[in-house]
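Asker: I'd like to go over a predicted model; first the sequence, then the structure.
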Amino acid sequence: MTYSEGKVMLAFEIYSLLSRDGRAGAEQMALYKADDSVRGLIDRFAHHVDCVIILAGDQMCMIPETKLSPFHVNNDFLKRTYLKSGATNADIYLLYFTVIVLFGSFYDSYQTLEPTREFIRLDDWTLLVNDRILMLMEHDEEKLLQHEKEFSYNWKQIIDKWDDMNDIKESAKKQSGNTISRLSFMDTAKRFVIDQELLEEIGNNELILTEKAKTIVQRFFMEVEYNKGILEFIYQWEEDHDAIHQ
């Protein structure tokens, strides 16, 4: 297909804005939606850097689709920007795990297409992470290792890292799993997700999902092509656990 110079320049201007800021406003989104040529060009530009365009509320966003994208948030950036010096891959695994649990809390363990709660508080999010890790701990080590190979996700490191943050060990269990170290890590996770424009603080320690987050969850997290069975593994144990204890 042949494009006019004007269409190419307009599409590139919008793509440049997306590359710089990760998002563009209502005016650019209107052009993207209204003009097939402009939309096609922007999509092609994004595809060449392993990104996709999503429409979220009154803005459009460009997000990385694979780890090969130059716009992908890499581990070194996460360690340097959010985690303590000396952070390891275990910290990265746990950080991503907290985000999976966060979205699951809004979407009823990923069983619904629309959010089932309006907000969450940090301490409640922390308790949900603790509950999910306790579920993982009920798997035997051999099964965890098997699933690590399947998902390229180190479940044992996640469990061990969380357990290491148990400042007061036995008494912490009686206090439902929230400790100073864990809450500190969760505050870091909150800062990361807010910086990625996936969460917004609305006061009274309440956190809500952004339109960008809702679009990403519905378009990517719900699709096996992208989550590769990780969600099923994390949440199926809940069903098995309930059945055993009935």
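Answerer: Received the coordinates, thanks.
Asker: Which residue ranges of this protein form helices?
Answerer: Per DSSP state H, the chain has helices spanning 5-21, 26-34, 36-48, 75-81, 89-106, 122-137, 141-151, 155-164, 169-174, 180-195, 211-216, 224-227, 230-244. These are given in chain order.
Asker: By mean pLDDT, show me the worst of these.
Answerer: Here the lowest mean pLDDT among these goes to helix 169-174, at a mean of 46.
Asker: quick one, what contacts the closest residue to residue 100 other than its chain neighbours?
Answerer: Nearest-residue entry for residue 100: residue 234, 6.6 Å, with adjacent residues in sequence omitted and distances by CB to CB, 6 or more residues apart in numbering. In this view, the C-beta of every residue, glycine as well, is placed from N, C-alpha and C. By CB atoms under 8 Å, 6 or more residues apart in numbering, the contact list for residue 234 reads 100-101, 104, 132, 135-136.
Asker: go with 10 Å
Answerer: Contacts were defined as CB atoms under 10 Å, 6 or more residues apart in numbering; by that measure residue 234 touches 97, 100-101, 104, 109-110, 132-133, 135-136, 147, 151, 153, 155, 227.
Asker: Any figure for the gap between it and residue 59?
Answerer: 30 Å (CB to CB, to the nearest Å).
Asker: per the record, what domains does the chain have?
Answerer: What automatic domain parsing lists as the domains of the chain is 5-64, 75-244.
Asker: And the first one, end to end?
Answerer: Spelled out, it's domain 5-64. As for domain 5-64, its first-to-last residue distance stands at 27 Å under the measure CA to CA, to the nearest Å.
Asker: what sits against the most centrally placed residue in the chain?
Answerer: The geometric centre of the chain, computed from its C-alpha atoms, lies nearest to residue 99 (CA atoms, centre = their mean), at 4.6 Å. Taking CB under 10 Å, 6+ apart as the definition of contact, the neighbours of residue 99 are 129, 189, 192-193, 196, 198-199, 213, 221.
Asker: Kindly indicate which of those residues lies nearest residue 48.
Answerer: If you rank those by distance to residue 48 using CB to CB, residue 196 comes first, at 22.6 Å.
Asker: Much appreciated, bye for now.
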